[in-house]
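*Asks:* Test case, fold it:
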Amino acid sequence: MTTTDNSVHDGVVFTTSQVVLLTGLHRRALEAFERAGIVSPRRSAAGQASYDQHDLVRLRQARNLVQRAGMDLDEVRQLFALQDQIEQTRQRLDQMVTELWEVLDRTVPTPSGRVFTTGSDGRAWPGRQTMTGRRRLQR
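*Replies:* This next block holds a predicted model:
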């Protein structure tokens, strides 16, 4: 993502010189990682790159994959793209589960709000019993 906005997730911004020192990468290697799409630093109006903590983690991982696992930059980019897809899918699944619980809470009104009950021994059964010693599963 190349923008002129320097706001980042955690508020910490690193310059190219700082990234070179922190990652052990040569400036040209950093540029190659950027061209390959492994990182996309934000750009100031003057064109100066700035990196966030996520970029640093990615660069260190990419360096290790290239140096230790012998992967080329395109393979690293593809791996990171798959990791991003998995994370997006995981977030979407969490969102869907939350929405499902909200629908269940609205459509299955019960005094305890239970759809099923679990015993202290780990067994589960359908029902909304509120007997002592039984608990609702955490969402």
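
*Asks:* How much space separates the residue most central in space within the chain from residue 19?
*Replies:* Nearest residue to the geometric centre of the chain (Cα atoms, centre = their mean): residue 87, 5.0 Å. Separation of residue 87 from residue 19 (Cβ to Cβ, to the nearest Å) stands at 23 Å. Where you see a C-beta, it was placed from the backbone N, CA and C, and this is true even at glycine.

*Asks:* In the protein, where is pLDDT below threshold?
*Replies:* Within the chain, the segments meeting pLDDT under 70 span 1-10, 109-115, 125-139.

*Asks:* So in it, which helix runs the longest?
*Replies:* helix 73-107 (DSSP state H).

*Asks:* Any buried residues in it, and which?
*Replies:* 73, 76-77, 79-80 (16 or more other Cβ atoms under 10 Å).

*Asks:* what helices or strands is that helix leaning on?
*Replies:* The contact analysis (3 or more Cβ pairs under 8 Å, 6 or more residues apart in numbering; DSSP states H and E) places helix 73-107 against helix 53-67.
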